[in-house]
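Visitor: Take this sequence and fold it.
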Amino acid sequence: MNLHEYQAKRLFAEHGVPIPNGKMASTPTEAREIARELGGRVVVKAQVHTGGRGKAGGIKLANNPNEAEAQAGRILGMDIKGYKVRRVLIDQQAPGIKQEIYLAVLINRAARRPMIMASAAGGMDIEQIAEVSPEKILTVLVEPALGVRGYQTTYLASAMDLPRDLWRDFHKIVASLYECFKANDASLTEINPLVITDDGKLLALDGKMTIDDNALPRQIRLAEMRDVQEEPIAEREARLTGINFIQLDGNIGCMVNGAGLAMTTMDVIKLFGGEPANFLDIGGGAKAEQVTTALRLILSDSKVKAVLVNIFGGITRGDEVARGIIEALAQIDTDVPMIVRLAGTNAKEGMEILAEAEMETAVTLSDAAQKAVAAAQGGNA
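Guide: You can find the predicted model right below:
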């Protein structure tokens, strides 16, 4: 679950990370009143779950309350990468900026530990830094039993050439960001940029935070922060149904059980020249109703030109999946070609059900992927 900037920064502040004074506004009039409270010189920032707000015109400076009202009026209602702006954050302007730093705590899944990532090239997308100047990205692993150690932040500060008199404050911010990460079951806490102001202070001007969905039952306060209006309709329905679903940019819909098998399926599709349209994991014990919902979600994407179903039965039964497919196709009028591969529990029964319905099937994943790629390209396998 992603949080808005204003939510993330408030959580950062609870753990001691310095942030600008600011409040959220949903109307231009509110923006003007908040700017007046903050002294007039403010930044008006669109609150949407996507990057590139500045380039899209979603971040503007204002030097007085009237300007803040006008800028908020321009930003509210904007469409930024498909997200409608419904709120703006009104922050005090920083007193001049000497340097911008990137700082984040995230999970290093290969090392199975939290990791601190930092770069002196703040203000840029970390992906862009990695591509253009990978040597500027610094990382250290955190041992959960010990937390952030002084020698680690000293290494980062030294490698980024931070002024020596800021090393102690930098350590406090890194440690605070890590504590926020840990306390809120986050998978990412990010400050970009963390700036050095003209008066020699460190200040978190922007914030991003992603919460592990599996922790939400014990993070009730965070669960209530979810902005359902920011979720794509299909992803919202999938979440409510218990399906893991993420839309992508390809044209081959994927329905798989198990996250690992889903990733493998997507890789094999790409191996044979195709592009997956989604990640979809129906889970380990999916019934016919969930399969029906999953197919409906996949086919709601107009870009989908073929569907690959890859089910390895354990708890999930092949005959249940087959019935779900048939039920879904009875409810949805579609001519999108579909290739089904079943293996494991009741796969034989499932394949018989599909054969009676004259569905195209495959025995191996490679065969299924090649047929799906060919179908999406308008050819024959």
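
Visitor: And the next helix or strand past the lengthiest helix in the chain?
Guide: With secondary structure taken from DSSP state H, the chain has its longest helix at helix 167-183. Sequence-wise, the next helix or strand downstream of helix 167-183 (DSSP states H and E) is strand 186-197.

Visitor: pull the CA atoms of that following strand into CSV?
Guide: This file holds the C-alpha atoms of strand 186-197, laid out as CSV (Å, rounded to 0.1, in the frame of the first residue of the first chain):
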residue,chain,number,x,y,z
ALA,A,186,7.2,-0.6,5.6
SER,A,187,8.9,-2.1,2.5
LEU,A,188,10.1,1.4,1.5
THR,A,189,10.7,4.7,3.3
GLU,A,190,12.3,7.3,0.9
ILE,A,191,13.3,10.9,1.2
ASN,A,192,14.1,12.6,-2.2
PRO,A,193,15.4,15.1,-1.7
LEU,A,194,16.9,15.4,1.8
VAL,A,195,18.4,18.9,1.5
ILE,A,196,21.1,20.9,3.1
THR,A,197,19.6,24.4,3.6
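
Visitor: So which residues of the stretch 1-150 of the chain form helices?
Guide: Counting by DSSP state H, counting those that start in this stretch, the segments of the stretch 1-150 of the chain that form helices are 5-14, 28-37, 65-75, 126-132, 150-159.

Visitor: Of these, which shows the lowest average pLDDT?
Guide: Across the helices of the stretch 1-150 of the chain, helix 126-132 has the smallest mean pLDDT, namely a mean of 81.

Visitor: Could I have the CA atoms of that one written out in PDB?
Guide: The C-alpha coordinates for helix 126-132 follow below in PDB (Å, rounded to 0.1, in the frame of the first residue of the first chain):
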ATOM      1  CA  ILE A 126      16.900   6.500  -8.400                       C
ATOM      2  CA  GLU A 127      16.400   4.500 -11.500                       C
ATOM      3  CA  GLN A 128      17.900   7.300 -13.600                       C
ATOM      4  CA  ILE A 129      20.900   7.600 -11.200                       C
ATOM      5  CA  ALA A 130      21.400   3.800 -11.500                       C
ATOM      6  CA  GLU A 131      21.400   4.000 -15.300                       C
ATOM      7  CA  VAL A 132      23.600   7.200 -15.700                       C
END
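
Visitor: Would you mind splitting this protein into its domains for me?
Guide: Residue ranges for each domain of the chain read 21-92, 97-223, 232-376, as given by automatic domain parsing.

Visitor: Of these, which is nearest Met1?
Guide: domain 97-223 (4.5 Å; CB to CB). C-betas here are computed from N, CA, C, even on glycine.

Visitor: Can you check the distance spanned by the closest one, start to finish?
Guide: This stretch, domain 97-223, spans 35 Å end to end (CA to CA, to the nearest Å).

Visitor: Look up the closest residue to Phe39, ignoring the ones flanking it.
Guide: Quick fix: residue 39 is Gly, not Phe. Gln92 (6.8 Å; CB to CB, 6 or more residues apart in numbering).

Visitor: again but with Val17, I slipped
Guide: Ser176 (4.8 Å).

Visitor: Same check on Ala215?
Guide: Here the residue nearest Ala215, using CB to CB, 6+ apart, is Asp185, at 3.3 Å.

Visitor: Ok, Ile107 next?
Guide: That would be Ser187: by CB to CB, 6+ apart, it lies 5.4 Å from Ile107.

Visitor: How many neighbouring residues does that neighbour have?
Guide: 18 (other CB atoms under 10 Å).

Visitor: Ok, Val43 next?
Guide: That count, for Val43 with other CB under 10 Å as the rule, works out to 23.

Visitor: same check, this time on Leu271
Guide: 12.

Visitor: And Ile326, by the same measure?
Guide: That count, for Ile326 with other CB under 10 Å as the rule, works out to 17.
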